[in-house]
Every structure is written in C-alpha cells, then in structure tokens.
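>>> need the 3D shape of this:
(one chain, ligands or ions: 2)
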Amino acid sequence: MTLAVGCIADDYTGASDLANTLTRAGLRTVQTIGVPADDLALPEVDAVVVSLKSRSIEAGLAVSRSRAAETWLRGRGAGHVLFKICSTFDSTDAGNIGPVMDALRADCGEAVVLVTPAFPETGRTVYQGNLFVGAVPLNESPLKDHPLNPMHDSNLVRVLARQSRTQIGLVDLATVTRGAEAVRARLAELAGKGIGAAIIDAVFDRDLETIGLVAAEHRLSVGASGIGLGLARALVSTGKVSATATSDAGAPVGGSAACLAGSCSQATLQQIANAERIMPVLHLDPDRIITGAGEAQRALEWARPRLAEGPVLIASSSTPDQVAALQARHGRDAAGHAIEQAMADIAESLVKSGVRRLIVAGGETSGAVVDRLKIPGFLVGVEIAAGVPVLRAVGAESDMLLALKSGNFGGAEFFSDALRLMR
Ligand SMILES: Nc1ncnc2c1ncn2[C@@H]1O[C@H](COP(=O)(O)OP(=O)(O)O)[C@@H](O)[C@H]1O
Ligand SMILES: O=C(O)[C@@H](O)C(=O)COP(=O)(O)O
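Ligands and ions are numbered 1, 2, ... in the order given. Coordinates of the predicted model:
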C-alpha cells in the first residue's frame, strides 16, 4: 500500500470527520484507531486517518503518540502528513497543537507549515488569522464554555504562538485570493524570516483548493477537514489519485440501536431535547457517576427492557452553568474522566445486550467508548450530516455501525437523521 496522504487526528470524531471529507472527495480512506497492528487487514487505500485521543492529554504524550503515527504513515509511502485538529482549534496554552506541530515539523524538515482550521461547510472560517464560528469570533461562540478546552482567544496567530517554539506568521485572504503562486511567494518570504508556521486564511472552499495545491507540495500541514478537502482535490486534479472511492460501507447490520451523549455543546443539548420526542431518554446524574454510586448500572437496567422496542438515548450532558458547578466540586479532569469511563461501561454492556448500531455524541466520549469496544478501525459509509459519516467497524468482535458525532456538528434532528441511515 502506498499512501497518497497520511493523517493523524487528535480525536476520534475529528478523524471520522476527516475520513468522511476525503472519501467524499474520492480518496479511498480507512480510519484506524491508534497506529494499526501489523496483523490488521487493511484494504488498498489512498489515505489512512490514524485516530489518536491526544487533544487533551499531557503534551509530551501527545507528541510521542503523534510521532509514532507519523513514522507508520511515512513508512507506508505518505509523502504528505496532515495533522488533523479541531475546526474550533480546541487546545490549551500548553498544547497540544503547537508541540505536536513542532515535533512533526522537526521530523520531516519542513520550512513553513500551513495551518488552518477553516471548514466553511460547518461555518468555520478564518480571516486575518481570526477564527469565526458561524457569525461570531471563536471567543464569543459556545466554545468559550467547552468543559475541557474553553477557547477565549479568536486570534490563532496569538494562540499558536503561545503553544509553539517557532514564530507564527499569517498568509492573509488577499494573498490566498491571488492564487497558489502568491501563497508560495508569501511562504518563501516567511521562511526567509525564520518563521516556521503560518495561519492561512480561508473563507470559501475555493480558498481551500488553493491552499491544498500548495500544501500538497509540502511534507506537513495542520488543520481541520477543510484543508483535507483542499489536499484531496489537489491530489485528484493533479492525477496523483484517481477518484474512485465509494461510500458502500453502511450495509444494514440489524440488532438494537442506542445513542450516548457526553458532549455538553449547545448543538448536542438541542439534539437531545429534540430526541425526547422520538425515543426514551435517560439523563444521568453526573454527581452520582463521579462518586461511584452505581449510575452506569442504573442506566443499563433502564435501557435493557426498552431496547427491544426501539432506540434509546442516555446522556450525561449538562448546561454550561451545571458543568462549571460540577467541575468546581470535583475538578475538571476528574469529572471528565469519570463520565467518559461511565459512558464506556454503558457502551460495553449495551453491546453485550445486542446493540449493534451505536451513535455517540462527543469527541472524548467517543474515544473512551471506541477504546472500550476495542474497535481497531472503520470504513466510511454515507454522510449523516456535515462532518459525520456512518462508520462500519472493521476487525471488531461484532459487525457494527457507529456514528461518532463531534459535539458541535449535526442538525437539530441529528439522532433521528442518523438512525434513519443506520439499519
Ligand atoms: N454533565 C457534565 N458535567 C461536566 N462534564 C461533563 C458532563 N457530561 C460530560 N462531561 C465531560 O465533558 C467532556 C465533553 O467532551 P467531548 O466528549 O469531547 O464533547 P465535545 O465533542 O462537545 O467536545 C467529556 O470529558 C465528558 O466526560
Ligand atoms: O474539526 C472538527 O470540528 C471536528 O472534526 C472535531 O474535531 C470535533 O471535536 P469534538 O467536538 O471534540 O468532537
């Protein structure tokens, strides 16, 4: 297998988002969980997206895991590696975007790395280095209240400079609009000043196509699904890949269906409220989860008799005020970790009870669940919503369909939209 592009995603929902984008652009793509074991049978593909759970862990660990993924991808012929980060640049001042970018850049000897979280299809655009989520700057968006990575600065040149050892430059929209040659000239200018990475503006898909053409000439880029789209289109338009991917991985599996929500994003809270009209919903008590008072067991006893009747939804999600109060009582990391593990416990028991179609809302939540289910990889099926495909587990104990939804993605009826496509 010789890869046209290798990808390292810092969470599992982000990985499925990127795998979806690459597939839609025609690249035969597989998503693996971690660096694949040698005995995992992978189909012939153009792109592999290695999913890590490295967004919110200690920076040194994120670096070593990302490096291991890079070594594996380069060993399969990937001339270009895309480090997939969140379209809302979820990170802290300590990382992990900057440290991982610095390490991968050092490994491949890249002069200037292009960085953009723009993903216009989901309303993420970058102008003058500032990230907008829909109509508002990042720091005014719901991401200011994220339970693990609250984002308080929309200026990504500043944000990345706080995390990276290199100086950060800007390639502005006026330059991108002038085309690939203008971007190349700007990068040469930045490299001449010793600047090692540049936030590049993008508002429309056509900007990402220009960026993709230039990025494909380099060894490394950093960004969200938008730059993945640009790279994929560049690989197809320059004949390096013949767009042959089909989304035929979603054949019915039968079995029961369940939804788990650990995301506290505004979008997920709305989706849960709407799901109450079409399926039984259990709201977990987060305090009881953290104090170990048998909350996961209660959820299972609630779910099991209902599964034969149709899908159920189990949610830990709370409003920003409630999240802040819980974290004040128990600590941010302890609360997040305990709830993720409870979701994994519940998922494991649901699968033992016959659930074969599982929808998970939340990136960290999805990571905990997929790890517990020991699923080594996914093939990409049809798209449920922008950035969220149906996934078919490969190499797992049971034939299963999953959807791993980024907290912020999907329309108000996401859960019913997903269930309609997962039979
Ligand atoms: N009620 C709650 N209070 C505090 N934290 C919560 C609650 N419910 C879930 N969490 C935690 O919040 C985090 C949500 O992150 P994640 O699953 O990545 O969602 P998103 O995709 O919205 O970022 C997880 O660590 C999860 O365990
Ligand atoms: O780029 C994106 O926004 C997503 O692919 C993503 O990474 C979302 O992360 P979570 O919201 O933590 O699921």
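>>> report pLDDT for residue 92.
For residue 92, the model assigns a pLDDT of 88.
>>> hang on, it packs against residue 152?
No: if you go by Cβ atoms under 8 Å, residue 92 and residue 152 don't touch, sitting 10.5 Å apart. In short, each C-beta sits where N, CA and C put it, glycine included.
>>> more crowded one of the two?
Higher neighbour count among residue 92 and residue 152: residue 92, with 17 against 10, using other Cβ atoms under 10 Å.
>>> what about that one, distance to residue 105?
20 Å (Cβ to Cβ, to the nearest Å).
>>> repeat that for residue 394.
Residue 394 is 32 Å from residue 105, by Cβ to Cβ.
>>> how about residues contacting the top strand by length along the chain?
Counting residues, the longest strand found in the chain (DSSP state E) is strand 377-385. Residues outside strand 377-385 that contact it (Cβ atoms under 8 Å, 6 or more residues apart in numbering) are 16, 19-20, 23-24, 29-33, 36, 40, 42-43, 247-250, 389-395, 401-403, 405, 409-411, 414, 417-418, 421.
>>> just the buried ones from those residues?
Buried members of these, counted by 16 or more other Cβ atoms under 10 Å: 16, 19-20, 23-24, 29-33, 36, 249-250, 389-395, 401-403, 405, 409-410, 414, 417-418, 421.
>>> do stretch 326-345 and ligand 2 come into contact?
No: judged by Cβ under 6 Å from any ligand atom, stretch 326-345 stays clear of ligand 2, getting no closer than 11.4 Å.
>>> check which residues of that stretch are buried.
326-327, 330, 332, 335-336, 338-340, 342-345.
>>> of those residues, which belong to helices?
326-327, 330, 332, 335-336, 338-340, 342-345 (DSSP state H).
>>> ok, which of the residues you listed also contact ligand 1?
326, 335, 336, 339, 340.
>>> before we move on, back to that, so the longest strand of the chain, near ligand 2 or not?
No: figure legend: strand 377-385 not in contact with ligand 2 (Cβ under 6 Å from any ligand atom); closest approach 11.8 Å.
>>> format the CA atom coordinates belonging to that strand as CSV.
Only the C-alpha atoms of strand 377-385 are listed here, as CSV (Å, rounded to 0.1, in the frame of the first residue of the first chain):
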residue,chain,number,x,y,z
GLY,A,377,-10.7,0.7,12.6
PHE,A,378,-13.6,1.9,10.4
LEU,A,379,-14.7,2.1,6.8
VAL,A,380,-16.7,5.2,5.9
GLY,A,381,-20.3,5.0,4.8
VAL,A,382,-22.8,7.6,3.9
GLU,A,383,-22.8,11.1,5.4
ILE,A,384,-25.4,11.8,8.1
ALA,A,385,-24.5,15.5,8.5
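>>> let's test this: mean pLDDT of that strand, rounded?
The pLDDT scores in strand 377-385 average 96.
>>> paired strands for it, with orientation please.
Paired neighbours of strand 377-385 in the sheet (DSSP bridges): strand 29-33 (antiparallel), strand 388-394 (antiparallel).
>>> among those strands, which comes closest to ligand 1?
Ligand 1 lies closest to strand 388-394 among the strands paired with strand 377-385, at 11.2 Å (Cβ to the nearest ligand atom).
>>> okay, that closest one in PDB with CA atoms only?
This file holds the C-alpha atoms of strand 388-394, laid out as PDB (Å, rounded to 0.1, in the frame of the first residue of the first chain):
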ATOM      1  CA  VAL A 388     -20.400  12.900  10.500                       C
ATOM      2  CA  PRO A 389     -20.400   9.700   8.400                       C
ATOM      3  CA  VAL A 390     -21.900   6.300   9.200                       C
ATOM      4  CA  LEU A 391     -18.900   4.100  10.100                       C
ATOM      5  CA  ARG A 392     -18.600   0.300   9.800                       C
ATOM      6  CA  ALA A 393     -16.300  -1.300  12.300                       C
ATOM      7  CA  VAL A 394     -13.600  -3.400  10.800                       C
END
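>>> quick one: strands adjacent to whichever helix or strand comes after it?
Sequence-wise, the next helix or strand downstream of strand 388-394 (DSSP states H and E) is strand 401-405. Here strand 401-405 has these sheet partners by DSSP bridges: strand 355-361 (parallel), strand 388-394 (antiparallel).
>>> can you count the residues close to whatever residue of the stretch 101-250 of the chain ends up closest to ligand 1?
As assessed by Cβ to the nearest ligand atom, ligand 1 sits closest to residue 147 within the stretch 101-250 of the chain, at 3.6 Å. Neighbourhood size, residue 147 [other Cβ under 10 Å]: 24.
>>> part of a strand, is it?
No: counting by DSSP: H, G, I helix; E, B strand; the rest coil, residue 147 falls outside a strand, being coil.
>>> torsion angles phi and psi at it?
phi -60, psi -30 (degrees, to the nearest 10).
>>> ok, now residue 422?
When quoted as degrees, to the nearest 10, the phi and psi of residue 422 stand at phi -120, psi 100.
>>> and it, how many neighbours?
25.
>>> which residue packs closest to the closest residue to ligand 2 within the stretch 201-350 of the chain, ignoring adjacent ones?
At 4.0 Å from ligand 2, residue 224 is the closest residue in the stretch 201-350 of the chain, using Cβ to the nearest ligand atom. Leaving out its chain neighbours, the residue that sits closest to residue 224 by Cβ to Cβ, 6 or more residues apart in numbering is residue 87, at 3.8 Å.
>>> where does the one you found land in three-state SS?
coil.
>>> quick one, what contacts it?
Applying Cβ under 8 Å, 6+ apart to residue 87 gives the contacts 117, 118, 119, 122, 124, 224, 225, 226.
>>> tell me the pLDDT at it?
pLDDT, read off for residue 87, is 97.
>>> the helix or strand harbouring residue 74 packs against which elements?
Per DSSP H and E: residue 74 is located in helix 59-75. Contact here means 3 or more Cβ pairs under 8 Å, 6 or more residues apart in numbering; DSSP states H and E; on that basis helix 59-75 packs against strand 5-9, strand 47-51, strand 81-84, helix 97-108.
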